[in-house]
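Peer 1: this is the structure alone, sequence omitted:
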């Protein structure tokens, strides 16, 4: 299969999930190439693939006019929001620097995403994905938990079009708002359920999780829940009722050792391609014999309680207000807005 899975990390704060989940995802997809683009390669010794230093390109990832106008917002949380936006445009380097063969399907995932990409799923994606695609959350928002593009050239073309919208409008947009604009403008396409052939009377699909399914099974980031994470959260962005059906771990076929996450509600069967672990819980590989997975899916099916986890891995994102110049700039902007008639 001609597929490359790409991670991007910018900034000095090492994500708690990237190496652990990359290792699990690589074991699940040993035939797939893994690539990490980062400005701090030293943080990622042991990554199961190629690590590329992109520090020399970092200042060029966002338009200079956008960076200047929104310096105050981009500096919040040690540059976290700047890096989140820049990470998306760093994917253009796959083409401009030639970091992957030109004919490979490109799958970008965030550091807290698990892949259950059965080989049959990858074949379907190669066959059906013709445009750069992301998950739509609602009319105004998209999410970059997983980005799929048919090849590096298409991805780069679409990212250049998206970057031009930042240059023209110059209004502030975080990554989810920007992806929503990309979907509404037709620059990106919505990543929707992909039908699978079924031997029985069920309607089977490959399903993609932006975060609602992962939040239901493993909870929110602990910063939102007083330092603990527990499954059962019903996101307003859920496109299905996770309580009305049955969660299972199953082998898709007898000839494969791949186990995948499935959700069946009546005749509709969702075979999950990925799961976004918003709580940043380091879960083990999906396994029908794993105590954690057994307990979690039992609770998801209404039997017993969800496991509880403690921690606060992303606290800095929410409490750091940025440098003194950034705080000063915010105050000046506020004064200007107040004085406008």
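Peer 2: Noted; the coordinates are in hand. Every value quoted in this text rests on a predicted model; they were computed, and no experiment measured them.
Peer 1: helices and strands around the helix or strand containing residue 213, which ones?
Peer 2: Using DSSP states H and E, residue 213 sits in helix 212-218. Helix 212-218 sits against strand 274-276, helix 291-300, with contacts defined as 3 or more Cβ pairs under 8 Å, 6 or more residues apart in numbering; DSSP states H and E. For the C-beta atoms, the positions are set from N, CA and C on the backbone; glycine is no exception.
Peer 1: so what touches the helix or strand following that helix?
Peer 2: Counting by DSSP H and E, the next helix or strand C-terminal to helix 212-218 is strand 228-230. The contact list for strand 228-230 (Cβ atoms under 8 Å, 6 or more residues apart in numbering) reads 218-222, 279-281, 306-311.
Peer 1: in contact with residue 47, which residues?
Peer 2: 18-19, 22, 34, 36.
Peer 1: inside helices: which ones of these?
Peer 2: 18-19, 22 (DSSP state H).
Peer 1: of these - the most surrounded one?
Peer 2: Counting neighbours by other Cβ atoms under 10 Å, residue 22 leads the ones in helices among the contacts of residue 47 with 23 neighbours.
Peer 1: mind checking what secondary structure the residue nearest the centre of the chain has?
Peer 2: Centrality entry for the chain: nearest residue to the mean C-alpha point is residue 145, 1.3 Å, by Cα atoms, centre = their mean. What DSSP: H, G, I helix; E, B strand; the rest coil gives for residue 145 is strand.
Peer 1: next, the buried residues of the longest helix along the chain.
Peer 2: Ordering each helix of the chain by length in residues (DSSP H) puts helix 152-169 first. Of the residues in helix 152-169, 152, 154-159, 162-163, 165-166 count as buried by neighbour count, 16 or more other Cβ atoms under 10 Å.
Peer 1: quick one: residues in contact with it.
Peer 2: Outside helix 152-169, the residues within contact range by Cβ under 8 Å, 6+ apart are 62-63, 65-66, 88-89, 91-92, 94-96, 99-100, 102, 104, 106, 131-132, 147, 149, 173, 178, 181-182, 185, 187-188.
Peer 1: which of those fall in helices?
Peer 2: 65-66, 88-89, 94-96, 178, 181-182.
Peer 1: PyMOL command for the buried members of these?
Peer 2: Applying 16+ other Cβ under 10 Å to the ones in helices among the contacts of helix 152-169, the buried members can be selected in PyMOL as follows:
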select buried, resi 66+88+89+94+95+178+181+182
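Peer 1: and which of the ones in helices among the contacts of helix 152-169 is nearest to residue 30?
Peer 2: Relative to residue 30, the closest of the ones in helices among the contacts of helix 152-169 is residue 94; by Cβ to Cβ it sits at 21.3 Å.
Peer 1: determine which two of the ones in helices among the contacts of helix 152-169 are furthest apart.
Peer 2: Pairwise distances among the ones in helices among the contacts of helix 152-169 were taken by Cβ to Cβ; the largest, 24.8 Å, belongs to 65 and 94.
Peer 1: pull out the buried members of the contacts of strand 228-230.
Peer 2: 218-222, 279-281, 306-307, 309, 311.
Peer 1: on that earlier part again, just the mean pLDDT for the longest helix of the chain, thanks.
Peer 2: Averaged across helix 152-169, the pLDDT comes to 91.
Peer 1: no further queries at this time; thank you.
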